[in-house]
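[1] take this sequence and fold it.
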Amino acid sequence: MMWTLTSAQSFTARVNRTNVSVDENFQLIFECSGDGERFSPPPLDEFMLLSGPNKSSNMQWVNGNFSSSVSYSFILRPKDVGEFVIGPASIKVDDKVLETDPIKMTVSQGRQRSSTPQQSVRPGQSQTQARQTEEAPDDVSSNVFLKLFVTDKDVYVGEQLLATYKLYLSVNVVDYDFSNLVFNGFYSEDLKIDVSKGVATEVINGRQFQVHTLKQTLLTPQKSGKIEIPALESEMVIQVRDGRRPRSLFDQVFGNYRNARISLKSNTESINVRALPTADQPSDFTGAVGEFSLKATVDHDEVGTNEAVNVNVQIEGKGNLDLISPPKVEFPTDFESYDPKVKNNVSTSASGSRGSKGYEYVVIPRYAGEYEIGPVTFSFFNPATESYIRLKADPIQLTVNATGDEEGGVAYVAPKKEDVQIIGKDIRFIHTESPDLRRKESRCFGSLLFYMLCILPFMAMGAAINGFSFYRAQHSDSTSVKSRRARGMAKKHLAEAKKRLSGDDGAFYEAISSALFGYIADKLAIPRSDLNRERIEDELRSRGVSDALQQELKKALDECEMVRFAPGVVRGKQEMLDASVKIIEALEDEL
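    Predicted coordinates:
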């Protein structure tokens, strides 16, 4: 399956409405397609900040296309009437700073209720029907009212509670609408109302009422102190009995009714939110409240160098799962690690949030050996026992085998010993005849050649000593040797990658990665155990390597790692090979 990466980047701002009154709230949202950082909101001095900034991220694969986005939302209320402009916000995406367009807001005076009944025509309503809709009499409030219920009024910070708004009525409702709620000081999540359960009945003071659940919200307090849950307001049109004279026989038999408009408002509830105790609070506590379990696993317990390993940490249980932070995992220094991918499997109901939250870390060991990851710890506060609990997963044992390229050199094999061959005969016959011996006059003794031959051994010995000293000086420093040979070793790996152009993608990009990492390690004299992205960036920056070349190197290394998980997203093989050759040549020139 082939994947494609959506790279279009945009940063926009929007509001749910541009015309509001001074007593109305509105929502301001900033959305960025892609991964952004250093978000800077505009000045909002003309508005009251009720909530925000609330950050949310989204990543998805749709029909082979990968996309990600991040958004920041605010709940605001105007301070005064007039025309206002919300200025641009900014965010950094890669090396660019994006800004939003300004938004014009019109703020009018709040709605005033008239002392006389007001009549309005609703969609699909005639003028006659509108005239029949009047303000309800005061005593109708005993026949229809709103009520707020909470599951607990004394909780800890992070402990969830449920707010339920119910409508009680003993009259017929023609139409209704209710206001939006802002829960200041709470992280809120609305629950879906199950209409299949029908309408409940309840007897109050001897009268039977129909009970409709209008809204249920799961609340998680974010600060300590007294926090008020707001009232729900509603505008309704109900049917009330008309005491005027019946106008027809039908009215005499079945009663004379008219439509009346009524405004309802529920009660409020004050919640006492207690701060979490500081005594005996674990050092790794990050705000988890509830009851949880912890598990840490690895997909392979034996891998080779430069091979990716997935370390999975899963937290399961009941509580504020959406708000907990990932536990800290200590990886060996020989490992290169990436930010975890979060997997949520959380369901929310009237009893609270329940499920699991997984963190998948991708790590790449760069050096062979026996390693231990962890142990992973996670702490939470249990409101039932009012105590902290610290969980500890067993350490993960990982064996990393050498693949032959982590040293950046060549494995040498000692040559085989050849059998000694005896040339000629091992026994020769003795000559018995008398030899013919004569003295031969030597012309070499005392000549120039004689003295030159006498001096030659001493000259050869001096030259050998000087040559050995020079060789030892050049090769005694293994770091400088590796630095001089870095380009040659990289060429060997690139030659291996060239052979795999028509073969397996993983093997090709593995050879490219080995060439780049091996060249950097040898050229910059970085030990394999300390080789990571941050060290490489610091060394290149300190040696004055250009930003453009650093970005090209970073892009190539990222694509070599990405091909393990999303083949087809990176450049083609030939293009990657050419780019790697240029990167090494450019680094050779600048270093």
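[2] drop to CA atoms for contacts and neighbour counts, all remaining ones
    Fine.
[3] next helix or strand past the one helix or strand Glu534 maps to?
    When elements are assigned from DSSP states H and E, Glu534 belongs to helix 533-542. Reading on from helix 533-542 to the C-terminus, the next helix or strand found by DSSP H and E is helix 547-562.
[4] tell me which residues of that next one come out buried.
    For helix 547-562, the neighbour count (16 or more other C-alpha atoms under 10 Å) marks 549-550, 553, 556-557, 559-561 as buried.
[5] looking at these, spot the one nearest Gly317.
    Taking C-alpha to C-alpha as the measure, Gly317 lies nearest Glu561 of those, at 33.7 Å.
[6] residues touching the closest one, list them.
    Contact analysis of Glu561 by C-alpha atoms under 8 Å, 6 or more residues apart in numbering lists nothing.
[7] that one and Ala402: what is the separation?
    18 Å (C-alpha to C-alpha, to the nearest Å).
[8] which SS state does Phe381 fall under?
    Assigned with DSSP: H, G, I helix; E, B strand; the rest coil, Phe381 falls in the strand class.
[9] going forward, count from 848.
    Yep, numbering from 848; the last one is Phe1228 now.
[10] tell me the domain ranges of the chain?
    851-955, 975-1121, 1132-1248, 1325-1437 (automatic domain parsing).
[11] and these: which comes nearest Leu1303?
    Nearest of the domains of the chain (C-alpha to C-alpha): domain 1325-1437, 33.6 Å.
[12] what's the angle between the helix holding Glu1381 and helix 1394-1409?
    On the basis of axes from the mean of the first three to the mean of the last three C-alpha atoms, to 10 degrees, helix 1380-1389 is oriented at 160 degrees to helix 1394-1409.
[13] other SSEs contacting helix 1380-1389?
    Helix 1380-1389 is packed against no helix or strand, with contacts defined by 3 or more C-alpha pairs under 8 Å, 6 or more residues apart in numbering; DSSP states H and E.
[14] outside of that helix itself, list whatever touches it.
    1183, 1367, 1371, 1397.
[15] who wins for most neighbours among the residues you listed?
    When neighbours are taken as other C-alpha atoms under 10 Å, the top entry among these is Ile1367 (22 neighbours).
[16] am I right that it is in a strand?
    No: membership of Ile1367 in a strand is not supported by three-state DSSP, which gives helix.
[17] related to what we said a few turns ago, want to throw the contacts of helix 1380-1389 into TSV with distance to Glu1036 and pLDDT?
    Formatted as TSV, those follow (distance: C-alpha to C-alpha, whole Å; pLDDT from 0 to 100):
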residue	distance to Glu1036	pLDDT
Glu1183	37	88
Ile1367	50	84
Leu1371	53	81
Gln1397	45	85
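[18] between those, which sits nearest Gly1350?
    Ile1367 (26.0 Å).
[19] pLDDT below threshold where in the stretch 948-1097 of the chain?
    957-988, 1042-1045, 1088-1097 (pLDDT under 70).
[20] got the residue ranges for the strands in it?
    950-955, 981-982, 991-997, 1001-1003, 1008-1016, 1020-1025, 1033-1037, 1047-1051, 1054-1068, 1072-1076, 1080-1088 (DSSP state E, counting those that start in this stretch).
[21] how about a markdown table for the ones you listed, with mean neighbour count and distance to Thr1152 added?
    Listed next are these as a markdown table, based on neighbours: other C-alpha atoms under 10 Å; distance: least, C-alpha to C-alpha, whole Å:
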| stretch | mean neighbour count | distance to Thr1152 |
| --- | --- | --- |
| strand 950-955 | 17 | 53 |
| strand 981-982 | 18 | 79 |
| strand 991-997 | 19 | 56 |
| strand 1001-1003 | 18 | 48 |
| strand 1008-1016 | 20 | 49 |
| strand 1020-1025 | 13 | 62 |
| strand 1033-1037 | 17 | 44 |
| strand 1047-1051 | 11 | 65 |
| strand 1054-1068 | 18 | 45 |
| strand 1072-1076 | 17 | 53 |
| strand 1080-1088 | 18 | 64 |
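[22] which element is His1340 on?
    Counting by DSSP H and E, His1340 is part of helix 1325-1346.
[23] avg pLDDT for that helix?
    The pLDDT scores in helix 1325-1346 average 69.
[24] got it, and stretch 1405-1416?
    65.
[25] for the helix or strand containing Ile1162, packing partners?
    Following DSSP H and E, one finds Ile1162 within strand 1156-1166. Applying 3+ C-alpha pairs under 8 Å, 6+ apart, one finds that strand 1156-1166 contacts strand 1132-1145, strand 1199-1212.
[26] ok, and what's touching the helix or strand following the first one?
    The reference is to strand 1132-1145. Next helix or strand after strand 1132-1145 toward the C-terminus (DSSP H and E): strand 1149-1151. Applying C-alpha under 8 Å, 6+ apart, the external contacts of strand 1149-1151 come out as 1156, 1212, 1215, 1245-1250.
[27] could I have the PyMOL command that selects the buried members from those residues?
    Buried residues among the contacts of strand 1149-1151 (16+ other C-alpha under 10 Å), as a PyMOL selection:
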select buried, resi 1156+1212+1215+1245+1246+1247+1248+1249
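[28] tell me who's in contact with the closest residue in space to Ser1110 that isn't next to it in sequence.
    Leaving out its chain neighbours, the residue that sits closest to Ser1110 by C-alpha to C-alpha, 6 or more residues apart in numbering is Glu1082, at 4.7 Å. Residues near Glu1082 by C-alpha under 8 Å, 6+ apart: 1023-1025, 1108-1111.
[29] got those as TSV, with distance to Ser1117 columns?
    Below are the contacts of Glu1082 laid out as TSV (distance: C-alpha to C-alpha, whole Å):
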residue	distance to Ser1117
Tyr1023	27
Asp1024	25
Phe1025	21
Arg1108	30
Ile1109	26
Ser1110	23
Leu1111	20
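[30] between those residues, which is nearest Arg1418?
    Within the contacts of Glu1082, the smallest distance to Arg1418 is 54.6 Å, found for Phe1025 (C-alpha to C-alpha).
[31] in the sheet, who's paired with that closest one?
    Note on Phe1025: beta-bridge partners Ser1081, judged by DSSP bridges.
[32] ok, it to Ser1110 distance?
    10 Å.
[33] where do the contact lists of these two overlap?
    Residues touching both Phe1025 and Ser1110 (C-alpha under 8 Å, 6+ apart) are 1080-1082.
[34] going by distance to Ile876, which of these wins?
    Glu1080 (25.1 Å).
[35] Ile1109 is in contact with that closest one, correct?
    No: Glu1080 lies out of contact with Ile1109 (C-alpha atoms under 8 Å); the separation is 10.8 Å.
[36] what separates the longest helix seen in the chain from the chain centre, distance-wise?
    Counting residues, the longest helix in the chain under DSSP state H turns out to be helix 1295-1322. Offset of helix 1295-1322 from its chain centre (C-alpha atoms, centre = their mean, to the nearest Å): 67 Å.
[37] between the contacts of strand 1149-1151, which sits nearest Thr1115?
    Sorting those by how near they are to Thr1115, with C-alpha to C-alpha, puts Val1156 at the top with 52.6 Å.
[38] now the closest one: how far from Leu1245?
    Taken as C-alpha to C-alpha, the span from Val1156 to Leu1245 is 10 Å.
[39] check which helix or strand covers the closest residue in space to Asp1001 that isn't next to it in sequence.
    Nearest non-adjacent residue to Asp1001, counting by C-alpha to C-alpha, 6+ apart: Asn1119, 4.8 Å away. Element membership for Asn1119 (DSSP H and E) is strand 1116-1121.
[40] for that strand, which positions count as buried?
    1116, 1118-1121.
[41] repeat that for stretch 1215-1235.
    Those would be 1215, 1218, 1220-1221, 1223-1230, 1235, for stretch 1215-1235 by 16+ other C-alpha under 10 Å.
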